[in-house]
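>>> Mind folding the following:
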Amino acid sequence: MRPVRSMVVLLTLIACWFCSPLRSDGQSSDLPDSTPFANIGAGSAVVANVDIVLPANQSQIYFQNGAFTTYQQIDKKSPSCHLSTVGIPVVRKLVPGRKLIVTGTRFGNGTSNQYGDTLLFEDDTAVNQLQCSGGHKGPMTIGELKICFGGLFSLVQATPEIG
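As a prediction, the model looks like this:
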């Protein structure tokens, strides 16, 4: 009798997992700010809200609290991010409305090392990825990401695919 009960519980958990309204096939949909950054689903987008200049031959652009900064000026105990750009010898610009489409995420194993959580973007001629740190041990949250973005960027979460 006990194995049958265990099997029923297991099947119920599997059914709940497949029917979860928050994620389906790696997609996300209006996840709360307390959700770990790594749950941002493929198909979501980071959208530029202002003109963003990508300097020539510079591979990383740092920002914190909605302002661009340098690595030396970042408060390492507060959330911060950097865009990894494609090393091209000419100045480029992201214009308002430019979408960087998320293809996946990487989680930095919950360590406090700088820039442990990563959003990967589809092939883009300007930006490779966005790496972020919550400034504390453990995963960065979507709310902390939004604090870093300020008015520079917006996160548009993908609508989950049903079926």
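>>> Point to the residue nearest the middle of the protein.
Leu119 (4.3 Å; Cα atoms, centre = their mean).
>>> List the buried residues for the one helix or strand that residue maps to?
Counting by DSSP states H and E, the element that carries Leu119 is strand 117-121. Neighbour counts over strand 117-121 (16 or more other Cβ atoms under 10 Å) mark Asp117, Thr118, Leu119, Leu120, Phe121 as buried. C-betas here are computed from N, CA, C, even on glycine.
>>> what's the farthest-apart pair in these?
With distances taken as Cβ to Cβ, the most widely separated pair in the buried residues of strand 117-121 is Asp117 and Phe121, at 14.2 Å.
>>> Helices of this structure, start to end?
All helices of the chain, identified by DSSP state H, fall at 2-18, 142-149.
>>> contacting residues around Val156?
For Val156, the contact set (Cβ atoms under 8 Å, 6 or more residues apart in numbering) comprises Ser44, Ala45, Val46, Val47, Lys99.
>>> does the second one really touch Thr103, like I thought?
No. With contacts counted by Cβ atoms under 8 Å, Ala45 stays clear of Thr103, the gap being 10.8 Å.
>>> These two: which is more packed in?
Ala45 (19 against 15; other Cβ atoms under 10 Å).
>>> ok, now which ones touch that one?
The neighbours of Ala45, taking Cβ under 8 Å, 6+ apart as the test, are Lys99, Leu100, Ile101, Val102, Leu155, Val156, Ala158.
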